[in-house]
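J.: no FASTA, just this:
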Ligand SMILES: NC(=O)C1=CN([C@@H]2O[C@H](COP(=O)(O)OP(=O)(O)OC[C@H]3O[C@@H](n4cnc5c(N)ncnc54)[C@H](OP(=O)(O)O)[C@@H]3O)[C@@H](O)[C@H]2O)[C@@H](O)CC1
Ligand SMILES: Nc1ncnc2c1ncn2[C@@H]1O[C@H](COP(=O)(O)OP(=O)(O)O)[C@@H](O)[C@H]1O
Ligand SMILES: [K+]
């Protein structure tokens, strides 16, 4: 893995970034020199995103007006700290390159280095404006109000100015973070800039990967400024505790290797327990998700009345018809089913909350289990922590935020900090916890966290979670059959794969074209795309 790939895997808190930065300064790098270097990189990127000159390439600047050169008018927002210092260097560079720059600096007290850049910008005759409204004629806004130093709420006039600017819907490039976001949690402190691009400096800030920040972040990019890897590992250790799941990481695992001489039972035997008369489709989607994983053998337990439906959709699977309750839920599994004989069991989609004894039976078994949907609701009723305490084997829980709250009422901050919530849930249960969302978070009892940094809202659609459950199940069963120790990586792979299938499907069919069945058809193309 090269440097760029390595740093793409890392996400840091503000405190960690300060410690890493502290080591660089202690080693002799002048603060001013680092700011200059970083800000030049930002200004170069801004110039490529919004070029000044007529651009003959097929990808002209969004600000390019057909047939003529024109000066890009840039409004630069300058805060009191070093984020503001960065912004002043960017303002100066863009001024020298011929951009029409106006500076809005709503603070009188600035950090020393920021004062110096401010004085120099004034000496160059760059225009300063009093009111945010004076930037309304700009083509582009650079946001350098606050970076990772923001701790308090933004209030009063500045909050009003930010709200006004957000209403203009102009292109905004935020330096490091959209000003107003808390660096670790992505919380909006009072109000926040809605960026079009966020140019994150050095290492990914954790807050940019939290669901509630996404509305503000726009398209996020990392600007590498050569932080020595030794300084990163000195603070974070050899393997980051919070890992962004990148394609390079996945390529170390996918496609799963398959030996030349093997047979179906050696490639994992997965049992799915899913569906009811009311929720028949969920069973099909879970089955198709499992099919996409390449699992060697797939058995699907469904209520007897769904058997022929399942056979028609998944002719390769062994469909097990089960005795039904009056409402058409699974009442019991046939005696012939030996739960201990499967490499993994995925249980839950569409089973309804009537299937309590089934979930109890599954959890009493000593093989890896994935619980989803009603499987999770039943677990919540049974008592999440007390029930899972008794288990030795791997348990994977795949809640969305609503299910998470039912499972873990004591963790009342899942909306505020998804990463910390997953960490706590995994610690309390020993389970692998996958919290679904725009940025799916996965954690295990070791305290390690994985975040899937790319996805698409096209997946916010009934049934797409069922596909994920089947996919996780299939990868887990294959992992068990291959004697893989670390099953959490299988869960991480599934989450990434699922999100990429959504992205690929949305590219081809638009965000509205990704129903859950269609999603299953894009699992394999993602795999071929890795080759
Ligand atoms: N990491 C690196 O290696 C590099 C980092 N660099 C850059 O430095 C940035 C971090 O700089 P930073 O530490 O100066 O903090 P920053 O975010 O500019 O603001 C803090 C200031 O805001 C103030 N303040 C806070 N809250 C407030 C409020 N609600 N309303 C009003 N004021 C408020 C607070 O003042 P105080 O709390 O003292 O009153 C303080 O003065 C980083 O994001 C990146 O852009 C690069 O230049 C070089 C490489
Ligand atoms: N806004 C979004 N962006 C990206 N992915 C999303 C978004 N909303 C939901 N998803 C993904 O879609 C899936 C939805 O699963 P779930 O809520 O269980 O739906 P269902 O139970 O209907 O199958 C999850 O994998 C989740 O991560
Ligand atoms: K900023």
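T.: Perfect, thanks for sending it. Only a predicted model underlies this, so the values are computations on that prediction, with no experimental measurement involved. Numbering: from 1, shown residues only. Ligands and ions are numbered 1, 2, ... in the order given.

J.: Quick check, residue 349 in contact with residue 287.
T.: No - distance between residue 349 and residue 287: 9.7 Å, which falls outside the contact criterion (CB atoms under 8 Å). To be clear about C-beta, it is placed using only N, CA and C from the backbone, and glycine gets the same treatment.

J.: Pull up the overlap in contacts between those two.
T.: Common contacts of residue 349 and residue 287 (CB atoms under 8 Å, 6 or more residues apart in numbering): residue 274.

J.: show me what contacts residue 5?
T.: 246, 248.

J.: what separates the host helix or strand of residue 420 from the chain centre, distance-wise?
T.: If you go by DSSP states H and E, residue 420 is part of helix 418-429. Chain-centre distance of helix 418-429: 16 Å, with CA atoms, centre = their mean, to the nearest Å.

J.: now swap in stretch 377-385 and tell me
T.: Chain-centre distance of stretch 377-385: 27 Å, with CA atoms, centre = their mean.

J.: give me the low-pLDDT residue ranges for the chain?
T.: 53-71 (pLDDT under 70).

J.: cutoff 90 now
T.: Where the chain drops to pLDDT under 90, the residues are 1, 51-72, 169, 239-240, 255-257, 265, 485-486, 531.

J.: Nearest residue to the middle of it?
T.: Nearest residue to the geometric centre of the chain (CA atoms, centre = their mean): residue 439, 2.7 Å.

J.: my guess is that residue contacts residue 209, does it?
T.: Yes - taking contacts as CB under 8 Å, residue 439 lies within contact range of residue 209: 5.2 Å.

J.: So residue 275 lies in a helix, does it not?
T.: No - secondary structure assignment places residue 275 outside any helix; it is coil (DSSP: H, G, I helix; E, B strand; the rest coil).

J.: let's have the chain start at 318 instead
T.: Let's use 318 as the start, then, which means that last one is residue 592.

J.: List the contacts of it.
T.: 599, 600, 601, 603, 619, 620, 623, 627, 647, 666, 667, 668.

J.: likewise residue 359?
T.: By CB under 8 Å, 6+ apart, the neighbours of residue 359 are 403, 407, 492, 516, 518, 540.

J.: In three-state terms, label it for me.
T.: Taking three-state DSSP, the label given to residue 359 is helix.

J.: And the residue of the stretch 618-767 of the chain that's closest to ligand 1?
T.: Nearest residue of the stretch 618-767 of the chain to ligand 1 (CB to the nearest ligand atom) works out as residue 733 at 18.6 Å.

J.: surely that residue meets residue 503?
T.: No - the pair residue 733 / residue 503 is not scored as a contact, 9.2 Å apart, by CB under 8 Å.

J.: which parts of the protein sit against ligand 3?
T.: 460, 491, 492, 496 (CB under 5 Å from the ion).

J.: Now do the phi/psi pair for the second one.
T.: The phi/psi pair for residue 491 (degrees, to the nearest 10) reads phi -90, psi 140.

J.: show me the contacts for it.
T.: Residues near residue 491 by CB under 8 Å, 6+ apart: 460, 510, 512, 514, 515, 516, 534, 535.

J.: Output those as a markdown table; include the columns neighbour count, secondary structure and distance to residue 323.
T.: Below are those laid out as a markdown table (neighbours: other CB atoms under 10 Å; DSSP: H, G, I helix; E, B strand; the rest coil; distance: CB to CB, whole Å):
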| residue | neighbour count | secondary structure | distance to residue 323 |
| --- | --- | --- | --- |
| 460 | 32 | strand | 28 |
| 510 | 26 | coil | 30 |
| 512 | 24 | coil | 26 |
| 514 | 21 | strand | 23 |
| 515 | 26 | strand | 21 |
| 516 | 25 | strand | 19 |
| 534 | 23 | helix | 22 |
| 535 | 18 | coil | 25 |
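
J.: Of those, which is the nearest to ligand 2?
T.: Nearest to ligand 2 among these is residue 534, at 13.1 Å by CB to the nearest ligand atom.

J.: list the contacts for that closest one?
T.: 491, 495, 498, 512, 515, 525.

J.: Where do the helices of the stretch 418-567 of the chain begin and end?
T.: Ranges of helices in the stretch 418-567 of the chain, per DSSP state H, counting those that start in this stretch, are 429-440, 473-485, 531-534, 546-553, 564-568.

J.: mind listing what's buried in the longest one?
T.: By that I understand helix 473-485. By neighbour count on 16 or more other CB atoms under 10 Å, the buried set for helix 473-485 is 475, 476, 478, 479, 480, 482, 483.

J.: In TSV: these, plus distance to residue 327.
T.: What follows is those, written out as TSV (distance: CB to CB, whole Å):
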residue	distance to residue 327
475	31
476	32
478	33
479	29
480	33
482	31
483	30
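
J.: Which ones, among those residues, also lie beside ligand 1?
T.: Residues of these in contact with ligand 1 (CB under 6 Å from any ligand atom): none.

J.: among those, which two are most distant?
T.: 475 and 483 (12.8 Å; CB to CB).

J.: Give me every residue in the stretch 668-817 of the chain lying close to ligand 2.
T.: 690, 717, 753-755, 757, 772-774, 776-777, 779-783, 785, 815.

J.: By residue count, what's the longest helix in the protein?
T.: As assigned by DSSP state H, the longest helix anywhere in the chain is helix 805-826.

J.: what distance separates that helix from the middle of the whole chain?
T.: On CA atoms, centre = their mean, the centre of helix 805-826 falls 11 Å from that of its chain.

J.: contacting residues around the helix or strand just after it?
T.: As assigned by DSSP H and E, the chain's next helix or strand after helix 805-826 is helix 833-838. The contact list for helix 833-838, computed with CB under 8 Å, 6+ apart, reads 601-602, 605-606, 608-609, 776, 778-781, 783-784, 815, 818-819, 822, 826.

J.: What residues of helix 833-838 count as buried?
T.: In helix 833-838, counting by 16+ other CB under 10 Å, buried: 833, 835, 836, 837.

J.: mind listing what the residue in the chain that ligand 3 sits nearest to touches?
T.: Distances between the chain and ligand 3 by CB to the ion are smallest at residue 496, namely 4.1 Å. Counting by CB under 8 Å, 6+ apart, residue 496 makes contact with 394, 396, 400, 460-464, 467, 471, 479, 509-510.

J.: from those, which ones fall inside strands?
T.: Mapping those onto strands (DSSP state E) picks out 394, 460, 461.

J.: The last one - how many residues pack around it?
T.: By the other CB atoms under 10 Å criterion, the neighbourhood of residue 461 contains 30 residues.

J.: Grab the nearest non-local neighbour of residue 348.
T.: residue 342 (5.9 Å; CB to CB, 6 or more residues apart in numbering).

J.: where does that neighbour fall, phi/psi-wise?
T.: According to degrees, to the nearest 10, residue 342 has phi -70, psi -40.
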